[in-house]
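*Asks:* could you work out the structure for the sequence below:
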Amino acid sequence: MPPSLMSRRAFHGAAAAAAVSIAAPSFAQSPWPSKPIRIIVPYTPGGFTDQMARLVQPGLSARLGQPVVIDNKPGANSLIGVDALAKSAPDGSTFGVVIAAYAANTTLYPKLPYDPKKDLAGVSLLGISPLLAAVNNDAPFKTAKELIDYARAHPGKISFGSSGNGSAAHLTSELWKSLTKTYMTHIPYRGAVPALTDLLGGQIQLFFDAPTGLINQGKAGKVRLIGVASDRRLPAVPEVPTFIEQGFAGFTGSTWAGMLAPAGTPREIVKRMSEEVARIIKSDETRAKLDAMGTFPAGSTPEEFDAFIAAETEKWGKVIRTAGVKAE
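*Replies:* Numbering: from 1, shown residues only. All right, here's what the predicted structure looks like:
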């Protein structure tokens, strides 16, 4: 072969190889995660949502090899933090943890700053925390049945507290009122702590709350725990019967925590995060912590969590419309 022909072929071969090497990075994907991960919590530190986010934080950091930072963005019944999540870059560097109010807000607020279906995507349900019902020790009733009998005989005399209009505690109480055909007076508070304070002081007689806020109070004898709004008892307080056991068929109400991602986050990243969260949630160490919190572990797929959110949105939307609940 003539030298000139060999040189031309060598040149073209080298050029082709160079083109492949230049084009390759555009098809290759950088490993995820390649930078720290932020988890937005749309509530103040210390509450149930924050606790659930911090429960998975160290495990995620260890398993993913990147720092995982909790970013508390409270305000407007979680709307501020959720809106920040919805507007975050869908690159796998930002996630969020929400609770039952996220589903209720879809109906509670006529106009949201984000579209739950278009702007956000489910990652995994972390856990479900059935609400406990507590009554003041001096109240003239000691059981759920006695309370309902009293409420029917004295319409409006029983006042129940909640951590705010549209909260899981409020809506669960409204659902119980509807099922039992009773009238009780709602007293909304700005958070669970002031509601519990007034329950202890006798200003209100009934308070539904996440178990984390009532288990120790009940064990210390400061309040009387009269029921669990679930289809099974809580391991942390096995002596407290469910409302269903007490004859209130179908009555359940809970708060829950789940992880979301901005819509458009690559599905392989969402799937990987879901799998890692599930491994952490289902570990013996985490399950023991959840049991103490009165929370049943979940760890779902993204598709399962999306379906769960849809069912919760429908359930609480009906309660909100029936009770005429308005946002604060």
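*Asks:* for stretch 161-177, the averaged confidence score.
*Replies:* Averaging pLDDT along stretch 161-177 yields 91.
*Asks:* going forward, the N-terminal residue is numbered 272.
*Replies:* Done: numbering now begins at 272, and the last item shifts to stretch 432-448.
*Asks:* quote the end-to-end distance of that stretch.
*Replies:* 13 Å (CA to CA, to the nearest Å).
*Asks:* contacting residues around Ser501?
*Replies:* For Ser501, the contact set (CB atoms under 8 Å, 6 or more residues apart in numbering) comprises 401, 513, 515, 523, 525. (Each C-beta comes from the backbone N, C-alpha and C, glycine too.)
*Asks:* and if you look at Ile311?
*Replies:* Here Ile311 is in contact with 342, 344, 352-353, 355-356, 359, 365-368 (CB under 8 Å, 6+ apart).
*Asks:* which among those gets closest to Asn436?
*Replies:* Within the contacts of Ile311, the smallest distance to Asn436 is 17.2 Å, found for Val353 (CB to CB).
*Asks:* nearest residue to the closest one other than its sequence neighbours?
*Replies:* Closest residue to Val353 apart from its sequence neighbours, by CB to CB, 6 or more residues apart in numbering: Pro313 at 5.3 Å.
*Asks:* count the neighbours of Thr456 for me.
*Replies:* Using other CB atoms under 10 Å, Thr456 has 14 neighbouring residues.
*Asks:* tell me the spacing between the spatially closest residue to it that is not a sequence neighbour and Ala598.
*Replies:* Of all residues beyond its chain neighbours, the one nearest Thr456 is Ser430 (4.4 Å), with distances taken as CB to CB, 6+ apart. Using CB to CB, to the nearest Å, one gets 21 Å for the distance from Ser430 to Ala598.
*Asks:* same thing with Trp587?
*Replies:* 13 Å.
*Asks:* so which of those two has more stuff around it?
*Replies:* Trp587 (26 against 16).
*Asks:* which parts of stretch 399-416 are buried?
*Replies:* Buried residues in stretch 399-416, counted by 16 or more other CB atoms under 10 Å: 399-407, 410, 412, 415-416.
*Asks:* give the rounded mean pLDDT of it.
*Replies:* 95.
*Asks:* that stretch: end-to-end distance?
*Replies:* First residue to last in stretch 399-416 (CA to CA) measures 25 Å.
*Asks:* buried residues, the stretch of helix or strand Arg550 belongs to. List them.
*Replies:* Assessed by DSSP states H and E, Arg550 sits inside helix 538-552. For helix 538-552, the neighbour count (16+ other CB under 10 Å) marks 540-541, 543-545, 547-549, 551-552 as buried.
*Asks:* now do stretch 331-340
*Replies:* 331, 334-335, 337, 339.
*Asks:* quick one: buried ones out of the contacts of Ile311?
*Replies:* Of the contacts of Ile311, these count as buried by 16+ other CB under 10 Å: 344, 352-353, 355-356, 359, 365-368.
*Asks:* can you redo those residues as TSV with pLDDT, secondary structure and distance to Pro573?
*Replies:* Formatted as TSV, the buried ones among the contacts of Ile311 follow (pLDDT from 0 to 100; DSSP: H, G, I helix; E, B strand; the rest coil; distance: CB to CB, whole Å):
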residue	pLDDT	secondary structure	distance to Pro573
Lys344	94	coil	23
Gly352	97	helix	20
Val353	98	helix	17
Ala355	98	helix	21
Leu356	98	helix	15
Ser359	98	coil	17
Thr365	98	strand	16
Phe366	98	strand	12
Gly367	98	strand	14
Val368	98	strand	15
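*Asks:* tell me the contacts of Asp409?
*Replies:* Gly473.
*Asks:* are we agreed that it is in a strand?
*Replies:* No. Counting by DSSP: H, G, I helix; E, B strand; the rest coil, Asp409 is not found in a strand; it is coil.
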